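Visitor: sequence first, then the predicted structure, then my questions.
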Amino acid sequence: MPHDFMPGLDGVPAATSSISDVDGQRGVLEYRGINIETLCAQSSFLETSYLLLFGRLPTRPELDRWTSDITHHRRIKFRINDLLKCLPETGHPMDALQAAVAALGMFYPGRQVKDAENNYWSAVRLIAKLPTIVAAWARLRHGNDPIPPQDDLEFSENFLYMLTEQTPHPLWKDIFDDCLILHAEHTMNASTFTGLVTASTLADPYTVVASSIGALKGPLHGGANEEVIQMLREIGSPERARAYVEHKLAGKQKLMGFGHRVYKVKDPRATILQGLCERLFTACGPSPLYAIAVEVERTADDLLRGKGLYPNVDFYSGIIYDQMHIDTDLYTPLFAMARVSGWLAHWLEQLRGNKLFRPDQIYSGEHNRPYTPLTQR
Ligand SMILES: CC(=O)SCCNC(=O)CCNC(=O)[C@H](O)C(C)(C)COP(=O)(O)OP(=O)(O)OC[C@H]1O[C@@H](n2cnc3c(N)ncnc32)[C@H](O)[C@@H]1OP(=O)(O)O
Ligand SMILES: O=C([O-])CC(=O)C(=O)O
């Protein structure tokens, strides 16, 4: 049966899902029916990842077991560190992460994705080990030894510790944990869809997550968080923001961190992240990049009025990470560390009623062309 072609599958449902929901007109995002404002105020990243994966908030014993399982699977094999050491230190951390996650599957070769117990441990390992890989790469590429995870530190605190060998400011770990909650899941985005297509072939979850990491890297998706910071640095001061934005828009270039396929108002995550910026800067000193970002948003609001283009999740996140002295090219890997829980939730949901993704196409080429021998071309 012929269908209308929708470029980018714009508005075409690819799955039925009960994991998250976006109201793009009102700017509402819910995970399993709970809004993200509530989760940021009351939950933790690990509790939220449980909610996403298993469909409800855990009881105290369930949360304790989940936390303990994740905590005790943070270590990575020395051969994964050896693999990272072999990669060019100038390469992008998303490529190193993708390579390491694909390789991780070789150490845990249970290919039988119909085994619920096996799937549980795969999810635990992936959520637990991604931060260790990101931190190991961040250190190895500068010639430093990786710092092993510390069992007595909570998830976010441990990650910040593995980056620097210093216990982070308590506010940093709380704000960082909120950032992970905000990046954990977002309906049928490009990287989740990529993972679903891979999952539908019954590939193992390491391959599913590795393929999602590849899709997240692009600048139209997760990679925009890095581009935003480069843009703010290029602008250099709030006074130069207006001229910069005018110049970009006049040249029909995109403002990174603005616009969204679903939101027609400001992304609610951008609003929360902006609040987190203000909390962080009030306690730890102002950020020059934040002042520029506010001016960019103000100008864009003036110039793009009526076009439905507002800051998305990638606009304010990097400013927080910059204030925590995290390298700019690690921002998208941080996104992946959080989004892995959403990818895994969709993987499990897909397996429950799996049907291989195999869409159709509208052929626009020729038929019955003659083959011209090489000597006659
Ligand atoms: C985690 C995430 O993935 S959030 C998104 C992160 N990506 C970015 O921030 C990159 C910048 N933004 C964009 O490229 C887009 O807004 C996207 C890709 C996110 C979504 O866009 P789509 O729904 O595919 O819309 P599309 O790119 O076709 O744009 C529609 C119109 O809005 C304009 N537009 C969209 N985004 C922007 C932007 N950031 N700056 C200026 N103009 C924009 C386009 O130029 C186009 O204008 P036209 O109709 O006059 O040609
Ligand atoms: O939903 C999308 O298309 C992109 C996005 O905001 C996300 O993945 O967080």
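Guide: Right, received. Where do you want to start? Numbering: from 1, shown residues only. Ligands and ions are numbered 1, 2, ... in the order given.
Visitor: interface residues of this structure facing ligand 1?
Guide: 8, 189, 220-222, 224, 254-261, 309, 312-314 (CB under 6 Å from any ligand atom). Yep, even glycine has a C-beta here, placed from its N, CA and C like the rest.
Visitor: of these, buried ones?
Guide: 189, 221-222, 224, 255-261, 309, 312-314 (16 or more other CB atoms under 10 Å).
Visitor: mind checking the SS state of residue 29?
Guide: Secondary structure of residue 29, reduced to three states by DSSP: H, G, I helix; E, B strand; the rest coil: strand.
Visitor: test my guess that it contacts residue 269.
Guide: Yes. Residue 29 lies in contact with residue 269 (CB atoms under 8 Å); the separation is 6.7 Å.
Visitor: next, show the common contact partners of these two.
Guide: residue 36 (CB atoms under 8 Å, 6 or more residues apart in numbering).
Visitor: just to revisit the earlier point, in helices, which of the residues of the chain next to ligand 1 fall?
Guide: 224, 313-314 (DSSP state H).
Visitor: quick check, pLDDT for the closest residue to ligand 1 within the stretch 51-200 of the chain.
Guide: Residue nearest to ligand 1 within the stretch 51-200 of the chain: residue 189 (6.0 Å; CB to the nearest ligand atom). You'll see residue 189 listed with a pLDDT of 98.
Visitor: repeat for residue 111
Guide: 65.
Visitor: so residue 188 makes contact with residue 14?
Guide: Yes. Using CB under 8 Å, residue 188 is in contact with residue 14, at 5.4 Å.
Visitor: quick one, which of those two is more surrounded?
Guide: residue 188 (19 against 14; other CB atoms under 10 Å).
Visitor: which residues sit in contact with the more buried one?
Guide: 13-15, 17, 196.
Visitor: next: residue 160.
Guide: With the criterion set at CB under 8 Å, 6+ apart, residue 160 makes contact with 166, 168, 172-173, 176, 324.
Visitor: among the residues you listed, which two are most distant?
Guide: Comparing every pair within the contacts of residue 160 by CB to CB identifies 166 and 176 as the most remote, at 13.7 Å.
Visitor: which one's more surrounded, the two?
Guide: Higher neighbour count among residue 166 and residue 176: residue 176, with 23 against 9, using other CB under 10 Å.
Visitor: okay, and the more buried one sits in which element?
Guide: Per DSSP states H and E: residue 176 is located in helix 170-183.
Visitor: quick one: average confidence on stretch 312-322?
Guide: The average pLDDT within stretch 312-322 is 97.
Visitor: on that earlier part again, can you redo the contacts of residue 188 as JSON lines with distance to residue 228 and pLDDT?
Guide: Shown next, in JSON lines, are the contacts of residue 188 (distance: CB to CB, whole Å; pLDDT from 0 to 100):
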{"residue": "13", "distance to residue 228": "30", "pLDDT": "96"}
{"residue": "14", "distance to residue 228": "28", "pLDDT": "96"}
{"residue": "15", "distance to residue 228": "29", "pLDDT": "96"}
{"residue": "17", "distance to residue 228": "28", "pLDDT": "98"}
{"residue": "196", "distance to residue 228": "27", "pLDDT": "98"}
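Visitor: ok, and the most crowded of these?
Guide: Within these, neighbour counts (other CB under 10 Å) peak at residue 196, which reaches 23 neighbours.
Visitor: was I right about it contacting residue 357?
Guide: Yes. Contact criterion CB under 8 Å: residue 196 and residue 357 qualify, at 6.8 Å.
Visitor: list residues touching both of the two?
Guide: Shared contacts of residue 196 and residue 357, defined by CB under 8 Å, 6+ apart, are found at residue 14.
Visitor: mind giving me the domain split of this protein?
Guide: 37-169+181-219+329-352, 224-323 (automatic domain parsing).
Visitor: can you pull the contacts of the closest residue to residue 185 other than its chain neighbours?
Guide: In this structure, residue 185 finds its nearest non-sequential neighbour in residue 342, 3.3 Å apart by CB to CB, 6 or more residues apart in numbering. The neighbours of residue 342, taking CB under 8 Å, 6+ apart as the test, are 19-20, 52, 184-186, 192.
Visitor: okay, and residue 342 sits in which element?
Guide: Under the assignment here (DSSP H and E), residue 342 is part of helix 331-352.
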